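In: Next one to model:
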Amino acid sequence: MSTQLSFTKQEQGARSRFRELLTQAESTEDVKKFFYQTVRDLLMDVCGTLPAFNIQDVQLDLDQGEGYTLSDRLMNEADLSNLMHGSDLDDILGRLSKNAWNRYRQLEKNPAKSEQKIFPIPGS
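Out: Residues are numbered from 1 along each chain as shown. Purely as a prediction, here's the structure:
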């Protein structure tokens, strides 16, 4: 039986910061940006060093409407494939994406309310 790495300590810190960010999200774009930032910080905490990557490398899976995607470039250059299979990192990222999707759908249902927060109408 192989050893399974656990990153629950890192997850706890990331989840609490992520919850705070999601409550501040005023648009679906904010949710995507905050998801990227949280995953980036978590991966840096877990891996120590990573190749340079950007928001296109870490995305909510908009095609499926759930989950997340990591770019092939990031998976290969950071050797995340082995880490994902030998740890609970995939599950952690799945839980973070589930929280992001809940907030994303909530904001998506009422875009007028989001726009009013972003572009307030004077006198209202």
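In: Can I get stretch 59-78 in CSV, CA atoms only?
Out: Taking C-alpha atoms only, stretch 59-78 is exported to CSV below (Å, rounded to 0.1, in the frame of the first residue of the first chain):
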residue,chain,number,x,y,z
GLN,A,59,-10.2,27.8,-14.2
LEU,A,60,-13.6,26.8,-13.0
ASP,A,61,-14.8,24.2,-15.6
LEU,A,62,-17.3,26.4,-17.4
ASP,A,63,-18.0,23.8,-20.0
GLN,A,64,-19.3,21.3,-17.5
GLY,A,65,-20.7,23.9,-15.1
GLU,A,66,-18.9,22.3,-12.1
GLY,A,67,-15.4,21.3,-11.0
TYR,A,68,-12.2,22.9,-12.2
THR,A,69,-9.5,22.6,-14.8
LEU,A,70,-5.7,22.9,-14.5
SER,A,71,-3.9,23.5,-17.8
ASP,A,72,-1.8,20.7,-19.2
ARG,A,73,1.2,23.1,-19.1
LEU,A,74,0.8,23.6,-15.4
MET,A,75,0.2,19.9,-14.7
ASN,A,76,3.3,18.9,-16.7
GLU,A,77,5.8,21.6,-15.7
ALA,A,78,4.9,21.4,-12.0
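In: Can you show me the strands along this protein?
Out: 58-60, 68-70 (DSSP state E).
In: what's the last one in contact with?
Out: Residues outside strand 68-70 that contact it (C-beta atoms under 8 Å, 6 or more residues apart in numbering) are 35, 39, 57-61, 80, 93-94, 96-97, 100. Backbone N, C-alpha and C define where each C-beta goes, glycine included.
In: okay, among those residues, which ones form the most distant pair?
Out: Distances among the contacts of strand 68-70 were taken as C-beta to C-beta; the most separated pair is Leu80 and Ala100, at 18.8 Å.
In: tell me the contacts of the residue sitting nearest the centre point of the chain?
Out: Centroid-nearest residue in the chain, with C-alpha atoms, centre = their mean: Phe35, separated by 2.7 Å. Each residue near Phe35 by C-beta under 8 Å, 6+ apart is listed here: 18, 58, 60, 68, 96-97, 100.
In: out of those residues, who has the most neighbours?
Out: Ala100 (26 neighbours; other C-beta atoms under 10 Å).
In: All set, thanks.
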